[in-house]
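**Q** Curious how this folds, go ahead:
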Amino acid sequence: MDRPVVRGSRPAAWFAAAGGLAMMAVLAAVGFGLIGQARSGTPASDVGASDALAAAAPGFGWGVLALVCVAVLDIVVAWGLWGVFRGERPAGAALAAAFRLVYAAVFLGAIAMLVDARRIATGAGEASDLAIADRDTAVLLRFEGFDSVWNTGLLVFGVHLVVVGWLLVTRPGVFATVVGWLVLLAGAGYLADGVVRVVAPEVTASVAQFTFIGEIVLIGWLAVGGVRAVRSRRAAAAAPEPARALVEGSARS
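**A** Here you go, the predicted model:
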């Protein structure tokens, strides 16, 4: 099994990436669950859409807040992954972080449409001057805008995963290689879904729901790397000066 500890990586980076990804999975499930529940009660036609969303406003609002937290954690994960990979491939690490940050920005833009939909539905601010029929139309348009922007952002997210997968595959060790190919597969799934939804939006089938296993395995790899990084630093600190250099050199291999 490979040693995922390399020069320049700190335990904080490993655990930030692993913990951030784990928390994102929970918050995303909660957020999309609450939002999906509110949207399921919204009529597909314009009539009554704003009233239905206004009635579900508390749960819908908590769901939106959960998604905002997911976007913030994307930034934390971008920093963590950059810290993990920058010791061996600084350019690739920066590229992966950049794509994740871009995705986080796009995701926040999509979430803003949900916030606006809730504002319109409840008649807050200038929305109070809109007729009910106009509110209904505006709410549904915001929902469609969220779906379109988020699905487009998943293309960027897929590229991010492809870069991370490449960084893993090019590392020494069987464990990293296996995880890398699974992450590459997950990225390809998001790219396939994104392309299909842009070219043929009527298609609802999803490939990513079958290829996401790479994201889960990545969490485990990062957690193991964090534990090894801690042990390596403790061993280096406890060793005499001549042996310390040997321990640190072994950790970089």
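**Q** Surely residue 16 touches residue 78?
**A** No. Applying CB atoms under 8 Å, one finds residue 16 not in contact with residue 78, separated by 9.7 Å. (Each C-beta comes from the backbone N, C-alpha and C, glycine too.)
**Q** if you skip the residues just before and after it, what's nearest to the residue nearest the centre of the chain?
**A** Closest to where the C-alpha atoms of the chain average out (CA atoms, centre = their mean) is residue 74, at 5.2 Å. Leaving out its chain neighbours, the residue that sits closest to residue 74 by CB to CB, 6 or more residues apart in numbering is residue 104, at 3.8 Å.
**Q** and the one you found, how many neighbours?
**A** Neighbourhood size, residue 104 [other CB atoms under 10 Å]: 22.
**Q** pLDDT score assigned to it?
**A** For residue 104, the pLDDT comes out at 97.
**Q** Which strands and helices lie in contact with the helix or strand hosting the residue nearest to the centre of the chain?
**A** If you go by DSSP states H and E, residue 74 is part of helix 57-85. When contacts are defined as 3 or more CB pairs under 8 Å, 6 or more residues apart in numbering; DSSP states H and E, helix 57-85 packs onto helix 11-40, helix 90-122, helix 132-169, helix 213-238.
**Q** Could you rerun that using 7 Å?
**A** Secondary-structure packing of helix 57-85 (3 or more CB pairs under 7 Å, 6 or more residues apart in numbering; DSSP states H and E): helix 11-40, helix 90-122.
**Q** where's the next helix or strand after the first one relative to the chain centroid, distance-wise?
**A** On the C-terminal side of helix 11-40, the closest following helix or strand by DSSP H and E is helix 49-55. Using CA atoms, centre = their mean, to the nearest Å, the mean C-alpha position of helix 49-55 is found 29 Å from that of the whole chain.
**Q** Equivalent analysis for stretch 98-113, please.
**A** Offset of stretch 98-113 from its chain centre (CA atoms, centre = their mean): 10 Å.
**Q** Go through that stretch and flag the buried ones.
**A** For stretch 98-113, a neighbour-count test (16 or more other CB atoms under 10 Å) marks 99-104, 106-113 as buried.
**Q** what do you get for stretch 86-93?
**A** Of the residues in stretch 86-93, those buried (16+ other CB under 10 Å) are 86-89, 92-93.
**Q** What of stretch 28-36?
**A** Under the neighbour-count criterion of 16+ other CB under 10 Å, stretch 28-36 has 30-31, 34-35 buried.
**Q** count of neighbours near the nearest residue to residue 211 once chain neighbours are set aside?
**A** In space, residue 211 comes closest to residue 189 once its chain neighbours are excluded; the distance is 3.3 Å by CB to CB, 6+ apart. Residue 189 has 22 neighbours, counted by other CB under 10 Å.
**Q** quick revisit: kindly calculate the angle that the helix holding residue 74 makes with helix 90-122.
**A** If you take axes from the mean of the first three to the mean of the last three CA atoms, to 10 degrees, helix 57-85 sits at 170 degrees to helix 90-122.
**Q** oh, and call the first residue 40 from now on, that's how I've got it
**A** Got it, the first residue is 40 from now on, which makes the last one we talked about helix 96-124.
**Q** Specify the angle between helix 96-124 and helix 252-277 in degrees.
**A** Going by the same axes, to 10 degrees, helix 96-124 makes 50 degrees with helix 252-277.
**Q** Flag every buried residue along helix 96-124.
**A** Those would be 99-100, 102-110, 112-124, for helix 96-124 by 16+ other CB under 10 Å.
**Q** and the residue nearest to the centre of the chain, what does it touch?
**A** 139, 142-143, 146 (CB atoms under 7 Å, 6 or more residues apart in numbering).
**Q** and with 10 Å instead?
**A** Each residue near residue 113 by CB atoms under 10 Å, 6 or more residues apart in numbering is listed here: 59-60, 63, 139-144, 146-147, 196, 199.
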